[in-house]
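Asks: just the structure for this:
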Amino acid sequence: MRLLILSLLLGGCAMQPGGNREARAANGNDYRAQVHTDLAANYYSRGQLAVALEELTRATHADAGYAPAYNMLGLVNGELHEDQRAEMNFRRAIELSPQLSEARNNFGLFLCQRKRMQEAHLQFETALADPLYATPEKALSNAGACSLEEGDVAGAERYFQRATKQAPNHASAQLGLAEVLFRQGHWLAARGQLRRLSEQTELNAQGLWLGLRIERRLGDHEAEANYDAQLHRRYPESMQTQWLTIGQYDQVGSLL
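Replies: Model (predicted):
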C-alpha cells in the first residue's frame, strides 16, 4: 500500500532543509532539487512512479545533498518493493538531515509494513521528540497503526488519542480509534466514532469494512447492506470486498 494513509499523504514528503542549504542556494542547486522533488511527490501521489523516479534523478543530479529527495526516493522505492534501495534512501535522507522528521516517519511506516516493529517505533519516537516537527499527528497515527498490527490495542489507543489531540480532524487517527473501539467490543461507540469520521470525509475500503462489521455486530441489516453496496461499487478489487464475497467477516484488515 502506498505510503498515503487512507487517501491522505500520511507519510507525505515535507520539504524540509537538508545539509548546508545556504551554500547550495548560492548557485540555485537547492532550488532546482526542490522543484524536481515537489514534482516527484505529485507524480507519486497519482501513482506515476516511473515519472517520479525521473524527477528524483534530476533532483539528486542538481543537488546530491538534498535530503528530501532521498526521502521521496524511499517512498517510491518502497512502493516498487525495492526494499533495499528504499531503506538506503531513507537512511541517506536522515544522515543528510537528522532534523528531517518526516523522513523518520516515512521510514518508520516502511519498517512497520515489513514487520520490523521495534525499529519502526524507534523512528516514530525520534520524530516525535523533535519539537519543530510540524505534523506529529502523522507519526502518532502511524505508530498507532503499527501498534495495532502488533496486537497492542491499548498502545494503539494511546497513540491515536494523542494524534487527535494534535489534530482533531486527522482522519487516520479517527479511523484508528474506531477500530480500537471495535476490537474492545464497544460497538456503539465504534459506530459513533466512524459516523463522525464519515461526516468529514469519504470512507476508504478499510473504513467501509469496519462499518460493515460494526453493523453486523449490532444487527442493523440495512446499514450493513449499505456498507456492502458501497464496498462493491467503490472498491470492487479491494481485499475487503474479496473477504465480503467469501464471507470472511473475522478478517480485521490493516491500517498500514
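Asks: point out the other helices and strands that the strand or helix carrying S198 packs with.
Replies: Element membership for S198 (DSSP states H and E) is helix 187-200. Secondary-structure packing of helix 187-200 (3 or more C-beta pairs under 8 Å, 6 or more residues apart in numbering; DSSP states H and E): helix 171-183, helix 205-218. All C-beta spots, glycine's among them, are computed from the backbone N, C-alpha and C.
Asks: all helices for the stretch 1-150 of the chain, in order.
Replies: 21-25, 29-45, 49-62, 67-79, 83-96, 101-113, 117-128, 136-150 (DSSP state H, counting those that start in this stretch).
Asks: quick one: contacts of the helix holding S198?
Replies: Applying C-beta atoms under 8 Å, 6 or more residues apart in numbering, the contact partners of helix 187-200 are 169, 171, 174-175, 177-179, 181-182, 203, 207, 210-211, 214-215, 217-218.
Asks: just the angle for that helix relative to helix 205-218, thanks.
Replies: For helix 187-200 against helix 205-218, the angle by axes from the mean of the first three to the mean of the last three C-alpha atoms, to 10 degrees is 140 degrees.
Asks: pLDDT averaged over helix 187-200 - what is it?
Replies: The pLDDT scores in helix 187-200 average 97.
Asks: repeat that for stretch 226-235.
Replies: Stretch 226-235 comes out at a mean pLDDT of 97.
Asks: now do the buried residues in that stretch.
Replies: For stretch 226-235, a neighbour-count test (16 or more other C-beta atoms under 10 Å) marks 227-228, 230-231, 235 as buried.
Asks: closest to E54 out of those?
Replies: Y235 (30.2 Å; C-beta to C-beta).
Asks: alright, I will stop here.
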